[in-house]
Every structure is written in C-alpha cells, then in structure tokens.
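Colleague: based on what follows, work out the 3D shape:
(2 chains)
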Amino acid sequence: MEQRYNPQTIEARWQSFWEENDLFTVTEKPGIPKYYLLEMFPYPSGKIHMGHVRNYTIGDVVARYKRMRGFNVLHPMGWDAFGMPAENAAIANNTHPAKWTYDNIDAMRAQLKQMGFSYDWSRELATCKPEYYRWEQWLFLKMYEKKMAYRKESFVNWCNSCQTVLANEQVEAGMCWRCGRLVRQKKLWQWFFKVTDYAEDLLLYSDRLPGWPEKVITMQKNWIGRSIGAEIRFPLPKSNRTGDTEIPVFTTRQDTVCGATFMVLAPEHPLVLKLSQGTGQEKETAGFVERMALQDRSVRSLESFDKEGVYIGADCINPLTGRKIPIYTANFALMEYGTGAVMSVPAHDQRDFEFARKYGLDIVVVVDPAGEHLDPATMEEAYTGEGIMVNSGEFDGMPNVDALDEIARYLEKNDLGKKTVSFRLRDWGISRQRYWGAPIPMIHCEGCGIVPVPEKDLPVMLPEDVEMLSGGKSPLPSLESFTSTVCPNCGKRAHRETNTMDTFVESSWYFERYCSPACDRGMFDPQAVAYWMPVDQYIGGVEHAILHLLYSRYYTRVLKEMGLVDFKEPFTRLLTQGMVCKETLSCAEHGFLLPDEVQTDGELRRCIKCGNQVTVGRIEKMSKSKKNVVDPNVLLDKYGADTTRLFCLFAAPPERDLEWSEQGVDGGYRFLNRLWRFYVDWVQHVTAVKPFNGSPESLDGAVKELYRKTHQTIAKVTSDIEDRYHFNTAISAIMEMFNRMSGFEPDDPMEDTLMVMRCAMDNMALLLSPIVPHFAEELWQALGNPPSILEMPWPESSATALEKEELLIVIQVNGKLRSRFSVSADIDDETVKEKALADERIQKFINDKPIKKVILVKNKLVNIVV
RNA sequence: GCCGAAGUGGCGGAAUUGGUAGACGCGCCAGACUCAAAAUCUGGUGGACCUUGUGUCCGUGAGAGUUCGAUUCUCUCCUUCGGCACCA
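Modeller: Below you'll find the model as predicted:
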C-alpha cells in the first residue's frame, strides 16, 4: 500500500485488472437468480455530463451490490446513436454524421471506463448500425402486415428550424423541445403506430407497476387521458342537401344534452365547408377555416388565447329536445379529439358559456344546484357541479349523476347514441423528414401504391455516401441512388420512402437487444430474453416519464402480440433520479459566466473581463447555456473517479435534485484520504490475524463497542441500499463507523483486539466497494485478501453482535424530555416505570401533582402525565 | 386553472412504524503542529435567557386540530419546483 492516496494510479490499475480478468462479462446461468440493471443509454453528444455521471453511478452501486448478493447481474451500456444533433454538427463542422457519431462514442466510452462502471462492454450496441436497425425495419413490416403501422395524411407539428415533424410530446408549450422555436402546422403524409389500440391496457397496467414512482404513473395516466361519456348523434334537418344526415359528438356530460343550444365543429372538420355551401355564410366560413389552418398550434394554446368562431349557416337538431340549434366552427374545437364536434352546453361548461356570451347564444339551464334556481340571464359563470335535472322532460327532478346513466340508456334504446370512452392519447407519428435515422422500409409504386420492402431485402441501408445540405434538410429525397428502386410487386421503376423513423423507436427495444446483441436471426434470441427480461431496475431522468417510457411499454405489447416475448411490462422497477444543479454566475455586461471568469475580491466577486460585480443567481439545472456546468474530466483529473462517485451519492438521495458543491467534493476527497492514512497505519498490525469471528460476550469495553458498531453499520448500509437506495445515509453510517475506528484506543493490545479491528477493516472495505470500487479493491488487497473484492459475498450482520445488554430509556413528563437512564436489556416494564418515577429530576417535575397516567414504550421511553 | 412533490441550523441533508429534532458532511470559531502558511490533528458550533446546569424556555413554511407525545397524521393557507392545460 502506497503511503499516499493516489487515485489516478490505483484507478487505472484496477480498471485494467477488471478488464484483463473479464469480470463484468456475463452469460445466462439458469441456476443462478438473474438481475437486470439498466440505465438509460446516452445520446453520443461528445462528452458525458454530470447528469450521466450521477445516473450511472447510482446504477453501478446497485449493480455491484446485487452482484455481491449473489445475483447474476446484467449491466449493459450502449448508444442511442441516431438523431438530429449529428446532422447539425456534420453541417457545422463539414463532416459526416456517422463519423461524428462514432468519434463521440469512442470519446464517451473512454470516459465511462474511467469512471469505473461495471458494464459488460461485450454487449455494447449503437442504434445507428445496420445490424441493429435492420430488426426494427423487420418489425415495422410485421406491424404493417397487422395494420399496427399505417399511413395517413395529417396535420403535424412542424418545426421550421429543424425542418422536421415533431410528435405532440415533443412540443412543449407550443415550442420545439429541441431548439425552442415556434412550431407550425403542416399537412403531410405520415406513418403512424397504432398506440391507441393499447390505450386501455396501458392505463390498466399503470396500476400494476408498484415499483414505479407514483409521479410517473400519474403523468402517464394523465397523458392517456381516459374519459367515460357518450357519443350522441345530432341529426341534420331534412332540408340539408349535402347527403349527410347527422353529426356525432362526444361528451362526458350527456346529462346536459337538453341544454345543448349550439354545436361547434373543429375548423378541419369535413362538414364545415360542406354544410356552409349555399347558405350565404360560405365565404365567411371558408375565410375563417383558412385563417385557422395557418394559425400556429402554439398560438392556439396560449393562455391569452381568445375563443373565436363563426356561424357556418347551417343548423342541426338536438336529438332530445327536437330543438333546432346553430352550428359554429371555432378555434377551440380539436379535430383530433373525440369526433371533432362539440355539443355546447353554455349553462354547464365554462368555455361554452364564454362563447355563448360573446356571440349572444341561448343559455338553457338543465341542472340546478340543490335548493336553488339558476337564471341564465344573470349567471356569471357556468355551473359545473352536481344538482337536480330541470328543463329535460322526463328526466326532470332526477339527480344529474343518475341522469348520466339514464340518458345514456335512453339514447342507446332510441338509437340516438351510445356509451363510449374517449382517450386523449393519439397514435404515434413516427415519420421524420431527417437523414440520420432508420429508413422506413417501404416503396412507393405508381401502379401498386405502397409496397413493403421484402424481408429478404432488409436492411434498407441508410446510405453513408451523402453530402449534408446546409439548409438542414434531409439529403435522402434528392439522392437518386437511394430513392430509385424497382417495385417488388410489378418490377417497374418505383421510389423508396425517404422518411426515417423517430429515434424513440430505437430506444423502445434496446433493452431486449442487450440480451443477445449479436443475434443475426432476429431482433433477439428468445431464450436470452426469457432469461434476462424484464429489466429488474431501470434508472434514468424523469424527463422521459412520458415519451420513452410509454413508447417502450407500447412496443413491448407489440412484441407480445407478435409472440416474440411473453411479458407486457419491460421495467419492473423504475428510479427517476433528480437533476444535477448549480448556482449561476452572471455579470450585467457579459451575461452568464464560467466560474473561472470570476475573481474573488474580498467579499465581492467580479467579472474578470469588465470588473463588474457578479450576480450569484438561482440554483438551476446544469446547462451549457447557463455556464453552470462542471466537466467530469476536470473532476477525474483532480480527484479521481471514486471521489466523484462518492460525492454524487452523498450529497442527496437519488430521487432528489443534487446541488453541486465544490467544497462538498473536497470533503469527500478528504474522507477518502483520512481513511487511506488510517489503513496505512493499521494494516501492518492486522494482516497477521484473522477477522474476529467469535462470540461478542467474550469482548468488552471499546473493543466490544467497535465490534457492535461494525455490525450495526453492516445492517444499516444493507437496508439503506436494499430497501431505499438511500446511499447518502449509507455513506453517513460508514463515516460514523470510521469515526469510531479512528478514535479507537484499545485498553489492552490482545489478539482479540486486533481481530476485531481486522474485522472492522475488512467489512469497511466490503461496504465501500459498490460506492468507491477502486479504493475498496486497494484496501482489500492491502489487508492481504486476494482480489477481486467484487467476487466476495456481501457481509451479513450478526444478530448476536447487535444485541444490546444496556438500553437507554428516556423519561418525559407531559411529553417533554426531562431525564434519561440506562438499564440492562432484560429488565421488566414495571421496574422501568418504578425507576423512572423514582428519578430525582423527575421527582422535581412531578412535585406533588397527581400522576394521571404512565405511558411506556418498550426499550425506549417512559412518559409521565401529571 | 387542474394534478403532484417539496419546505428542517449559515449550507447539503438525517430522524425508516407517531416516541431523545438537527445523524453525517460542508462552512465557521478556538486550539495543537509550523519561523510562517497550506495540509493534518483536537475541541466547539440551532436560537434566547440565566443561577453555567445531566439548566429553563423557544424552535422542523404559517395557522388550527387529533394525541400522553406530531418534522411524521387531519384540515386551511403561503412559497418553491415539476407535469398537464381549451381533451368537450
């Protein structure tokens, strides 16, 4: 053991030891319980950031811990390698997306290896490789066969700056999730996956994921957005000449149908233009529809957004009252939800109420609150609560909650509508007008239409000999050698689909691919998947709570439907770690500043460029734009991987945000140094003895205390890791144990004493090994144990060592702590009470007040109520 | 607006089932070592008060409640963060 702790030397040494001995490569071992630990794979952006470091450190602790607990642990790593940044970088640096991506992968792999993570690198995969995406194309063909993948022309969210379509989930408050610019509407032919077929099942199973955070489940449920209601058909008058006879609407408030005084259609609704023909309103209607088509979705969703609409000149009939009601088209009606038509009940829906007031439409009250009468003329807002039916014919007098069912039944009986369920969830649009993605394996033939690429022709290779276009557009449509092909059906000239798949498709099955990454007969080897899947513990950022996790759950259902897997849920347990945050520094003139652009001048901090005072801003998520980032490489150079890992785990429990603190990192480094020096001093004295393994009864004094502390710490660290993943308190416990060890002054230097110390030192190394693995290996070896520590079983705490013969009893008077005393563990309750009452200081508090009650909590506390 | 999470010393955080609030670390203060500094080591460190004690009182965002006893349970409110937001 070196005199000085030198992290760089020992970390490099152990990393190569692990690699040379192939310690992280795993295979299926049917007799041994498996544990699949997965962290969300990174996009190869060039460098790992602190978010990755935290995520992967948490995962590595669990992987190493489970391994020591005897599990056959699968812990893979790979690259989510398709995506737009590669194209942008390629244009900016005049390189190729593939080269940029593979260079980044090499750089990031080296960084991850430096962190000492226990990955089975033999399973590494990159989703941009043909041997990966070929199977995704294969499944696409299967999905197309089963009508799970289909094409339709639809309005899509279009980001003009990224030149691409975005999924609803990729639009955040009307802005592109990636570049933050406004999203517009555009009509394009798109490929879709029929996620909505599984809406019900995905929702149902949300409640069968006990290992997932409640927060994520709630978000998914809200996203799926199931509403129970009715579809009601509103007839069109016989006089209408379009040939259409009715307009179906979806409502959750069929009890209020008699209060429906107008109808609202989405501007894109096919009946809008048709019905307005020849009514004199056609010009105004068409003008409105056109204006709405150009209006950005972002404007529509703004808070200040004004409800706006026009009368289309036609009317329909309220099926229950027989009343003729006007049809409007308005900007708040969505074509994608329900039937694209709304029955408007202004008395009982706030949005309809505002619209009715704005356009002077009738308001009819059909639900009165108990004991009250609403007057449409004086109402100031819609009444949406429960009440008693009025103005509804035979349903009058009925509680509206009962009318919900009764009216639904009435509608069904009279063939006017039916009970139904509507979902907020839309089908997954997977077409991207991008180059750097998996080609959709379809061919467009003038004669035969859409024809799938035959299975034997897979993969449809993404051509790598392309020139990236500076405008950011995909080069594929203009690449003759790619688009030009022959129709597999008729043999005539045809052209390929030039859209590529959303990269969320790749990340929806990579965890299955890891089970047999080299498999060339299918997506994966079914036996390997049967052994490893599902993932026992998945760890990643909460930003993927909806997108990636819902898609993966869906895709797994597709695989099950195809008979490829026999489970529905891919991730048994999910941990979403908090963000890594740090304060921002900024100066009035130069904006955000890096820490080394700031100099400390006494109490003040100044900008080195202009000398202005620096504002210390809020603690925010680390981001390049705010310059509040910490480069993992700098930490590795200065402190090494173990200190970096230690701080990430110690500063906060994993699900919470972590506030970066340079001083905190330093504290971790000092702890490791103290520990190192302690081992340097003690190792020579204990290598000759075996760890203490006898009965604690034969020990006493400080020696016994140390032995007990060792076992208490084993128990505490084990439960903190096993039950809660609270590594911060596990580390605290180890620090406490170390404080005990370093203050250890044995009364006599007997062999027992050395054996107890040896036991403490061995166990400390074992407890530390998932957290600071290189450091622990070094301690382990210095104690004369054979490497590797990660092959050792996790220590067990002994019940007899934990037994206490002395207990501290706390005495309260009226719930306030007044005194305490020690008793032997075998004392009976009555004696404890007597002792408490007899206590001098307690007597002082009791005086001669009568004792009402004495409460005793076994082995802990006595409370005397006076 | 709706849904959810969080609020504890100067700071990060602990208190796992209603039972000693503030573990552990950072920072700060004092001392030791040193010509000196750094590093290291030792001790102290929620606030107020006094009679300096194993002292009294206050103290977990605010206010109420349940309880012998509440950081923990219930209600109301405030603040911060996250998600959703014309979904009929």
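Colleague: for residue A:621, give me phi and psi.
Modeller: Residue A:621 adopts backbone torsions of phi -50, psi 130, taken as degrees, to the nearest 10.
Colleague: separation between it and residue A:636?
Modeller: Note on residue A:621: its distance to residue A:636, by C-beta to C-beta, to the nearest Å, is 22 Å. Placement of C-beta: from N, CA and C, glycine included.
Colleague: poorly predicted segments of chain A, please.
Modeller: Where chain A drops to pLDDT under 70, the residues are A:165-175, A:177-178, A:294-305, A:470-472, A:601-603, A:747-749.
Colleague: now stretch A:669-677 - C-alpha only, PDB.
Modeller: The C-alpha coordinates for stretch A:669-677 follow below in PDB (Å, rounded to 0.1, in the frame of the first residue of the first chain):
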ATOM      1  CA  TYR A 669     -11.800  13.500  -1.100                       C
ATOM      2  CA  ARG A 670     -10.600  14.300   2.500                       C
ATOM      3  CA  PHE A 671     -12.700  11.500   3.800                       C
ATOM      4  CA  LEU A 672     -11.000   9.000   1.500                       C
ATOM      5  CA  ASN A 673      -7.600  10.400   2.400                       C
ATOM      6  CA  ARG A 674      -8.300  10.000   6.100                       C
ATOM      7  CA  LEU A 675      -9.400   6.500   5.500                       C
ATOM      8  CA  TRP A 676      -6.300   5.800   3.400                       C
ATOM      9  CA  ARG A 677      -3.900   7.000   6.100                       C
END
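Colleague: and that stretch, is it in reach of RNA strand B?
Modeller: Yes: applying C-beta under 7 Å from any atom of the strand, one finds stretch A:669-677 touching RNA strand B at A:670-671, A:673-674.
Colleague: quick one: residue A:585 is in a helix?
Modeller: No: according to DSSP: H, G, I helix; E, B strand; the rest coil, residue A:585 belongs to no helix; its state is strand.
Colleague: show me what the helix or strand that contains residue A:536 is packed against.
Modeller: Secondary structure assignment for residue A:536, by DSSP states H and E: strand A:535-541. Applying 3 or more C-beta pairs under 8 Å, 6 or more residues apart in numbering; DSSP states H and E, we find strand A:535-541 packed against strand A:34-39, helix A:50-68, strand A:571-577.
Colleague: out of those, which comes closest to RNA strand B?
Modeller: strand A:571-577 (9.7 Å; C-beta to the nearest atom of the strand).
Colleague: quick one: the helices in the stretch 151-300 of chain A?
Modeller: A:199-206, A:214-224, A:270-276, A:282-294, A:297-300 (DSSP state H, counting those that start in this stretch).
Colleague: what residues of the third one count as buried?
Modeller: Residues of helix A:270-276 classed as buried: A:271-276 (neighbour count, 16 or more other C-beta atoms under 10 Å).
Colleague: what packs against it?
Modeller: Using 3+ C-beta pairs under 8 Å, 6+ apart as the contact test, the elements touching helix A:270-276 are helix A:282-294, strand A:309-317.
Colleague: which strands border the last one, and is each parallel or antiparallel?
Modeller: Strand A:309-317 has the following strand partners under DSSP bridges: strand A:324-330 (antiparallel).
Colleague: just the residues contacting the strand it pairs with, thanks.
Modeller: Outside strand A:324-330, the residues within contact range by C-beta atoms under 8 Å, 6 or more residues apart in numbering are A:234, A:237, A:247, A:260-267, A:269, A:272, A:275, A:285, A:288-289, A:307-312, A:314-318, A:344, A:355, A:359, A:361.
Colleague: the residues of stretch A:669-677 next to RNA strand B: which two are farthest apart?
Modeller: A:671 and A:673 (7.2 Å; C-beta to C-beta).
Colleague: who has more neighbours, those two?
Modeller: residue A:671 (19 against 14; other C-beta atoms under 10 Å).
Colleague: who's in contact with that one?
Modeller: By C-beta under 8 Å, 6+ apart, the contact set of residue A:671 is A:646, A:735, A:738.
Colleague: one step back: which of the helices and strands packed on helix A:270-276 sits most buried?
Modeller: strand A:309-317 (a mean of 22; mean count of other C-beta atoms under 10 Å).
Colleague: by how many degrees do that strand and helix A:282-294 diverge?
Modeller: Going by axes from the mean of the first three to the mean of the last three C-alpha atoms, to 10 degrees, strand A:309-317 is angled at 120 degrees with respect to helix A:282-294.
Colleague: backbone dihedrals for residue A:710, please?
Modeller: Backbone geometry at residue A:710, expressed as degrees, to the nearest 10, gives phi -60, psi -50.
Colleague: who's in contact with the residue in the stretch 651-800 of chain A positioned nearest to RNA strand B?
Modeller: The stretch 651-800 of chain A approaches RNA strand B most closely through residue A:667 (2.6 Å), counting by C-beta to the nearest atom of the strand. Residues near residue A:667 by C-beta under 8 Å, 6+ apart: residue A:647.
Colleague: check residue A:590 too.
Modeller: A:597, A:607, A:609-610.
Colleague: out of those, which is most surrounded?
Modeller: Of the contacts of residue A:590, with other C-beta under 10 Å as the count, residue A:607 tops at 21 neighbours.
Colleague: what about residue A:634, which helix or strand?
Modeller: helix A:632-638.
Colleague: gap between the residue lying closest to residue A:144 once chain neighbours are set aside and residue A:712?
Modeller: Residue nearest to residue A:144 in three dimensions, not counting chain neighbours: residue A:452, with 5.6 Å by C-beta to C-beta, 6 or more residues apart in numbering. Remark: distance between residue A:452 and residue A:712 (C-beta to C-beta) = 64 Å.
Colleague: could you do residue A:58 as well?
Modeller: Residue A:58 is 25 Å from residue A:712, where distance means C-beta to C-beta.
Colleague: likewise residue A:376?
Modeller: Residue A:376 is 72 Å from residue A:712, by C-beta to C-beta.
Colleague: mind checking which of these two has more residues around it?
Modeller: Shown here are residue A:376 and residue A:712; by other C-beta under 10 Å, residue A:712 has more neighbours (18 against 15).
Colleague: quick one: contacts for the residue of the stretch 401-550 of chain A found nearest RNA strand B?
Modeller: Residue of the stretch 401-550 of chain A nearest RNA strand B, by C-beta to the nearest atom of the strand: residue A:424 (3.8 Å). Contacts of residue A:424 were listed using C-beta under 8 Å, 6+ apart, and they are A:222-227, A:337.
Colleague: out of the residues you listed, which are close to RNA strand B?
Modeller: A:222-223, A:225, A:227, A:337.
Colleague: and these, which are buried?
Modeller: Using 16+ other C-beta under 10 Å, the buried ones in these are A:223, A:337.
Colleague: for chain A, what's the longest helix?
Modeller: helix A:662-686 (DSSP state H).
Colleague: so which bits of it are buried?
Modeller: In helix A:662-686, counting by 16+ other C-beta under 10 Å, buried: A:665, A:668-669, A:671-672, A:675-676, A:678-679, A:682-683, A:686.
Colleague: where's residue A:154 relative to residue A:494, distance?
Modeller: Taking C-beta to C-beta, one finds residue A:154 at 24 Å from residue A:494.
Colleague: same thing with residue A:99?
Modeller: The value you get for residue A:99 to residue A:494, if C-beta to C-beta is used, is 31 Å.
Colleague: looking at those two, which one has more neighbours?
Modeller: Neighbour count, other C-beta under 10 Å: between residue A:99 and residue A:494, residue A:494 has more, with 20 against 14.
Colleague: contacts for the host helix or strand of that one?
Modeller: Residue A:494 belongs to strand A:493-496 when assigned by DSSP H and E. Residues outside strand A:493-496 that contact it (C-beta under 8 Å, 6+ apart) are A:439, A:442-446, A:448, A:451, A:460, A:482-487.
Colleague: ok, it: who's next to it in the sheet?
Modeller: In the sheet, strand A:493-496 lines up against strand A:442-445 (antiparallel), strand A:484-486 (antiparallel) (DSSP bridges).
Colleague: from those, which stretch is densest packed?
Modeller: Sort these by mean neighbour count, taking mean count of other C-beta under 10 Å, and strand A:442-445 sits at the top with a mean of 20.
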